[in-house]
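fold the stuff below for me.
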Amino acid sequence: MVRAARFRASAQILRSYEAERRRATRVVAALAAVAASTALLTACDSFSTTAITEQEFVNELAIPELAPSTVANGVRTFQLTAQEGMTDFSGTGEAETWGFNGSFLGPTLRAERGEQVAFEITNQLPASTSVHWHGMHLPAAMDGGPHQMIEQGETWRPAWKIDQPASTLWYHPHPHGETEKHVYLGLAGMFILDDDASLAADLPSEYGVDDLPLIVQDRSFDSNGRLELNNDGSEPGMLGDTVIVNGAVGAYQEVTTERVRLRLLNGSSARTYTFAFEDRPMTMIASDGGFLEAPVERDQIRLAPGERAEVIVEFAPGETARMQSVKTDLGGVAVPATSGGNDEFDVLEFRAASSLTPSSEPSWPQAQDAVADELHEDEASVTRDFVLNNREINGEEMDMSRIDEVVHVGDTEVWEVRSTQPIPHSFHIHDVQFRVLTIDGQAPPPELAGPKDTIYLNPNLTYRLLVRFEDYADPKMPYMYHCHMLRHEDEGMMGQFVVIEPGDEDQVRAPEQAEHAQHPDDAAAGDHAGH
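This is a model prediction of the structure:
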């Protein structure tokens, strides 16, 4: 027993040493990158170490298919298979990729508020994975986080009732320590929710024609066309040199209507985009979790990884226009040139037909559940603080066996969140849609005033988020909150919270969990994402 105790103590010392070594390595790499970049910077703010390669727009935009489903006994069931494949990225060559029901990305799922949904998700990958429903309100056991791993050859069958407003959500893996790799290889897709308001809205609504899902990502390829995922210590993580939309490089879309609805999803690992058109504004109608109170006209819309926005864009007959990502205000990060801030590039080309079908001005009615969905600050009973720094939240790296926060079902709370280091961070909360009350004491701009689940954090500003925890209580199964820069998440910038019934505090514990993934710094070194 003494020998065993000494062994456990030695193992703990080694783990502590490795954690400190990883932390020191990241700090040194970040400082070296800053120093090198600073030495190269001139007065010109166009310098960049993360530029996107210019493309010819010659490939028709691929529209993910709407996933088929079956309805029996009032339950709508979808089937997804996570699988390996080969994908031909035009101009780069074929690459080994992963996808759902195909070689890269996955089908668009669609359901209505009030529906019971179920899934049969089979894992045919050479590794364990999970499927997280980003932005979805659902029981913790169905959330698809790192505690709901799907082993090789197994099938996971989550089910829940859709009970939230119409919105554009998405799904992606969430394995502890390997989320970036799984998403980078291609595991992601959209999940569109409808309700009475969206179905009655005067908005473009023909999927794939005037209602377009746009999953915007960046990737890098080696000389053989293989996907390349580097971990060189750069912040905020992997910034690829090739932009893809729905898996296509240099994509264009034929336009047949005067107005087109774009469901924008930033599906990248670390790059923040600022979407714009050179010669026209966009009308923003929805944020992460649903409709805004009214249409908002914007020349630019910034989206960090995981964020979504729905916008309406007007076109004239016979014209060609390109959606761009222009220089991004990263809010005072140390060296924007190394974090993608100075990058400007075209994302997608639109080619309008010589005659366009008329479209109405965008409008939508109030949903029948709108009053019940409202959040009220005067009902907040608890305020919590969350500080993001290095790879820690509130001074702690992620520990699957530790519950960091305990909240009561039915409670409304204020979460005050801030990043205290000058590199890009974002913040995502599972299970809920929050409202931004203030940003450093000021009211949020209109584009951030709608329901959200993910938000970019300008360094050293305090974001007060109003959130309500409804319906589901489980003292033994946590949800996550974390930075959605995927490298940061994988390296420990994540915490766990449980929602419980009052009085169940003594039942709170983390579930036993087998280790499925090595820490990225401990895994075998390699530059390629494929096998």
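
what residue is smack in the middle of the protein?
Computing the C-alpha centroid of the chain and ranking residues by CA atoms, centre = their mean puts Gly306 first, at 2.0 Å.

list the residues that contact that one.
By CB atoms under 8 Å, 6 or more residues apart in numbering, the contact set of Gly306 is 134, 266, 426, 428, 453-454, 484. (Each C-beta comes from the backbone N, C-alpha and C, glycine too.)

and it, how far from Leu203?
As judged by CB to CB, to the nearest Å, Gly306 and Leu203 stand 24 Å apart.

turn the contacts of Gly306 into CSV, including secondary structure.
Listed next are those as CSV, based on DSSP: H, G, I helix; E, B strand; the rest coil:
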residue, secondary structure
His134, strand
Asn266, strand
Ser426, strand
His428, strand
Asp453, coil
Thr454, strand
His484, coil
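
which one of those residues is nearest Asp163?
Asp453 (15.2 Å; CB to CB).

would you map the helices across the stretch 101-250 of the chain?
Assigned by DSSP state H, counting those that start in this stretch, the stretch 101-250 of the chain shows helices spanning 179-185, 196-200.

return the most buried member of these.
helix 179-185 (a mean of 25; mean count of other CB atoms under 10 Å).

per-residue confidence at Gln217?
At Gln217, the pLDDT value in this model is 98.

wouldn't it be in contact with Ile244 here?
Yes. With contact defined as CB atoms under 8 Å, Gln217 reaches Ile244; the gap is 5.3 Å.

neighbour-wise, which of those two wins?
Looking at Gln217 and Ile244 with other CB atoms under 10 Å, you find the greater number of neighbours at Ile244, namely 27 against 24.

and that one, what does it touch?
89, 216-219, 251.

following the longest strand seen in the chain in sequence, what is the next regular element?
Criterion DSSP state E: the longest strand present in the chain is strand 75-89. Going down the chain from strand 75-89, the next helix or strand is strand 93-100, by DSSP states H and E.

now that next one against strand 75-89, angle please.
Counting by axes from the mean of the first three to the mean of the last three CA atoms, to 10 degrees, strand 93-100 lies at 170 degrees to strand 75-89.

which elements pack onto strand 93-100?
strand 75-89, helix 179-185 (3 or more CB pairs under 8 Å, 6 or more residues apart in numbering; DSSP states H and E).

quickly run through the sheet partners of the longest one, with directions.
Just to be clear, that refers to strand 75-89. Strand 75-89 has the following strand partners under DSSP bridges: strand 69-72 (antiparallel), strand 93-100 (antiparallel), strand 116-123 (parallel).

of all the helices and strands packed on strand 93-100, which lies closest to Glu319?
Counting by CB to CB, Glu319 lies closest to strand 75-89 out of those; the figure is 28.0 Å.

for the closest one, C-alpha coordinates in CSV please.
What follows is strand 75-89, C-alpha atoms only, in CSV (Å, rounded to 0.1, in the frame of the first residue of the first chain):
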residue,chain,number,x,y,z
VAL,A,75,-41.0,11.2,-33.1
ARG,A,76,-38.9,12.5,-36.0
THR,A,77,-35.8,10.4,-36.4
PHE,A,78,-32.6,11.2,-38.3
GLN,A,79,-29.7,8.9,-39.1
LEU,A,80,-26.1,10.1,-39.2
THR,A,81,-23.0,8.1,-39.8
ALA,A,82,-19.6,9.6,-39.0
GLN,A,83,-17.2,8.2,-41.7
GLU,A,84,-13.9,8.6,-43.5
GLY,A,85,-13.7,9.6,-47.1
MET,A,86,-11.7,11.4,-49.8
THR,A,87,-12.6,15.0,-50.8
ASP,A,88,-11.4,16.8,-53.9
PHE,A,89,-10.8,20.4,-53.0
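
in that strand, what counts as buried?
Neighbour-count burial for strand 75-89 flags 76-84, 87, 89 (criterion: 16 or more other CB atoms under 10 Å).

again, but for stretch 123-133
Quick answer for stretch 123-133 (16+ other CB under 10 Å): 123, 125, 127-133.

quick one: mean pLDDT for that stretch?
On average, the pLDDT along stretch 123-133 is 98.

can you give me the pLDDT of the residue nearest to the centre of the chain?
Reading off the model, Gly306 has pLDDT 98.

do the one 3 residues further on as well
The predicted structure scores Ala309 at 98 on the pLDDT scale.

just list whatever residues bridge to it.
Judged by DSSP bridges, the bridge partners of Ala309 are Leu264.

tell me the contacts of it?
Each residue near Ala309 by CB under 8 Å, 6+ apart is listed here: 264, 275, 284, 286-288, 301, 303, 447.

of these, which is the most crowded?
Counting neighbours by other CB under 10 Å, Ser287 comes out on top of the contacts of Ala309 with 29 neighbours.

which ones are touching the residue lying closest to that one once chain neighbours are set aside?
The shortest distance from Ser287 to any non-neighbouring residue, by CB to CB, 6 or more residues apart in numbering, is to Gly450 (3.8 Å). Contacts for Gly450 were tallied using CB under 8 Å, 6+ apart; they are 286-293, 435.

which single one of these is nearest to Gly99?
Lowest distance from Gly99 to the contacts of Gly450 (CB to CB) belongs to Asp288, with 23.8 Å.

just checking, that closest one touches Val432?
No. With contacts defined as CB under 8 Å, Asp288 does not count as touching Val432, sitting 10.8 Å away.

got any residues that touch both of these two?
Asp453.

gap between Val245 and Leu214?
Using CB to CB, Val245 is found at 6 Å from Leu214.

common neighbours of the two, please.
In contact with both Val245 and Leu214: Leu348, using CB under 8 Å, 6+ apart.

so, low pLDDT: which residues of the stretch 201-350 of the chain?
Within the stretch 201-350 of the chain, no stretch has pLDDT under 70.

which of the helices or strands spans His488?
Assigned by DSSP H and E, His488 falls in helix 486-490.

can you give the distance of the helix or strand just after that helix from its chain's centre?
For helix 486-490, the succeeding helix or strand toward the C-terminus, using DSSP H and E, is strand 494-500. From the chain centre to the centre of strand 494-500 is a distance of 19 Å (CA atoms, centre = their mean, to the nearest Å).

strand 494-500 pairs with which strands, and in what direction?
Strand pairing for strand 494-500, using DSSP bridges, gives strand 405-408 (parallel), strand 479-482 (antiparallel).

among those strands, which comes closest to Glu361?
Closest among the strands paired with strand 494-500, once you apply CB to CB, is strand 479-482, at 38.3 Å.

show me the contact partners of the closest one.
With CB under 8 Å, 6+ apart, strand 479-482 has contacts from 140, 143, 145-146, 174, 386, 393, 398, 405, 427-431, 488-489, 493-499.

counting neighbours, which of those end up buried?
The neighbour-count criterion (16+ other CB under 10 Å) marks 140, 143, 145-146, 174, 386, 393, 398, 405, 427-431, 488-489, 493-499 among the contacts of strand 479-482 as buried.

turn the helices of the stretch 101-250 of the chain into JSON lines, columns for distance to Ile439.
Converted to JSON lines, those look like this (distance: least, CB to CB, whole Å):
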{"stretch": "helix 179-185", "distance to Ile439": "27"}
{"stretch": "helix 196-200", "distance to Ile439": "27"}
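
out of those helices, nearest to Ala473?
Relative to Ala473, the nearest member of these by CB to CB is helix 179-185, separated by 26.3 Å.
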